[in-house]
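Undergrad: Mind folding the following:
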Amino acid sequence: MAVVILQHAPAEAPSTVGAALAAARLDLRVYQADEGDLPDDLTGVDAVVVTGGAARIRSGGSAPVREAELELLRGALAGEVPVLGLGLGAQLLALAAGGAVVHQAGSTPGQAAHRTVRRAPASGSDPLFAGVAAELPAARWGHDDTVELPAGTLVLASDDRRRVQAFRIGASAWGLHFPLDSEATEAEAGTEAVEAADGPARSALERWWGPLPARFAELVAGRAEHAATRAFFTRRADAWEERFAYQTPAYEAAVAHMGLRRGQTAVDLGCGTGRAMPALRAHVGAEGTVLGLDVTHAMLAAAARIGRATTGGLLLADVARLPLRPGSVDGIFAAGLLDHLPRPRTALREWARVSAPGGTLLLFHPAGRAERAARHGRPLSPEDPLAQPNLRPVLDATGWRLTTYDDAEQHFLAQAVLAR
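TA: Predicted coordinates:
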């Protein structure tokens with residue numbers, strides 16, 4: 001599990017945040033962003049932390065280095081990769097989301113300014129801010145710059161002049177206009193700018209922001225299994241259907257094996273662009289229910305653009321924690337999914353929970369195991385979770401009975417029924 005840290009000066013590494021991330025067993029990868037040192041993409045990245053810095057930025061005319069950083073942040077937002085922007089990092093996050101930076105007249109970096117920051121009522125349900133003190137004691141800050149946020153952004157805290165000091169974009173990107181480290185504060189604003197935060201005042205500040213780094217680290221660790229998946233598929237979502245449209249007949253043939261009847265409920269788990277949904281609809285009829293569930297918003301958006309929402313509902317959900325009632329599903333279709341899950345047994349138990357007595361599970365791939373292994377330049381592994389000696393006992397242990405196993409050159413198909 002890897003976290004990218006984008007620094008804007010060697011002195012302002014976020015020691016408090018970094019310590020919390022390290023304690024959560026997350027691998028920290030530090031880049032000197034202002035020197036053009038950036039990751040090529042977000043493959044394998046579970047979160048991004050953007051630190052502060054002394055430089056002030058402007059909403060237009062970004063230098064090439066900064067534009068590349070903004071593009072990386074746009075990718076994180078699109079892929080729902082958790083982001084924490086601190087100080088300057090919060091401004092960059094706002095810009096990446098379509099907002100703007102507002103410079104206050106007469107304010108310069110290093111110029112001390114007293115502020116009192118108050119938590120907004122809406123922050124009560126925020127994963128980072130819930131339960132923190134309602135007010136941050138007055139302290140000195142480096143400058144009076146603030147941000148204008150894009151529509152839909154949740155304001156979490158403002159200062160006594162109603163300037164935004166903390167915000168959340170979407171479900172997993174936070175911007176804090178104040179730093180979480182006294183060391184970073186001094187790097188961004190100068191030592192004089194934090195002199196009012198010595199002794200009891202500094203202790204009060206740390207009690208106020210203290211829970212935030214650990215909460216962010218916990219959130220990243222909890223979402224890590226999906227962050228890389230979202231980043232991978234978000235980049236490919238727009239071209240996915242066109243690239244794999246030739247597989248549609250194979251999907252239709254696989255769905256036909258399920259034996260679905262009119263009026264039943266069928267779900268396509270890890271549906272991507274929903275390639276199986278029209279076939280599922282054809283079998284359950286207009287009176288039945290079809291749902292497509294995926295963890296990547298961009299894939300569901302692509303599915304909606306090509307009309308899959310007309311064949312069934314599209315839900316953003318974790319396939320191991322389904323928002324479905326027990327016993328409510330008659331057929332589950334899962335293509336290229338089970339062997340990519342971090343905890344397949346947990347997922348299979350969840351699928352059994354939502355399935356009706358006699359419910360059907362179809363595990364499918366439009367290529368056999370040997371063909372896929374050869375495509376990736378490796379031999380078939382005896383540890384492959386889809387190998388019959390491995391798959392059958394896992395299905396048995398999670399409430400399923402394997403009825404069909406067909407690992408052909410042109411497809412992989414394993415069908416099971418709910419045993420209870």
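Undergrad: Look up how far Gly75 lies from the residue nearest to Arg262 when sequence neighbours are not counted.
TA: By the measure of C-beta to C-beta, 6 or more residues apart in numbering, the closest residue to Arg262 outside its immediate chain neighbours is Gly285, 3.9 Å from it. C-beta: built from backbone N, CA, C; applies to glycine. Going from Gly285 to Gly75 by C-beta to C-beta, to the nearest Å gives 41 Å.
Undergrad: These two - which one has more neighbours?
TA: Ranked by neighbour count (other C-beta atoms under 10 Å), Gly285 and Gly75 place Gly75 first, with 18 against 13.
Undergrad: can you give me phi and psi for that one?
TA: The phi/psi pair for Gly75 (degrees, to the nearest 10) reads phi -60, psi -40.
Undergrad: Please name the nearest non-neighbouring residue to it.
TA: Nearest to Gly75 is Leu42, by C-beta to C-beta, 6+ apart, at 5.6 Å.
Undergrad: what number of residues lie near that neighbour?
TA: Counted with other C-beta under 10 Å, the neighbours of Leu42 add up to 25.
Undergrad: Quick check: it touching Gly79?
TA: Yes: with contact defined as C-beta atoms under 8 Å, Leu42 and Gly79 form a contacting pair (6.2 Å).
Undergrad: any residues in contact with both of these two?
TA: The contact sets of Leu42 and Gly79 overlap at Ala231 (C-beta atoms under 8 Å, 6 or more residues apart in numbering).
Undergrad: ranges for the helices of the stretch 101-250 of the chain?
TA: Using DSSP state H, counting those that start in this stretch, the helices of the stretch 101-250 of the chain run over residues 182-189, 199-209, 211-244, 248-256.
Undergrad: Val155 and Glu148 touch, don't they?
TA: No: using C-beta under 8 Å, Val155 makes no contact with Glu148, being 11.4 Å away.
Undergrad: And the two? Which one has more around it.
TA: Val155 (16 against 13).
Undergrad: quick one: the more buried one from Arg118, how far?
TA: As judged by C-beta to C-beta, Val155 and Arg118 stand 11 Å apart.
Undergrad: And Val83, by the same measure?
TA: Computed with C-beta to C-beta, the distance linking Val83 and Arg118 is 24 Å.
Undergrad: Between these two, point out the one with more neighbours.
TA: Each of Val83 and Arg118 has its neighbours counted (other C-beta under 10 Å); Val83 has more, 29 against 16.
Undergrad: in the sheet, who's paired with the more buried one?
TA: Listed by DSSP bridges, the beta-bridge partners for Val83 are Val48, Ala173.
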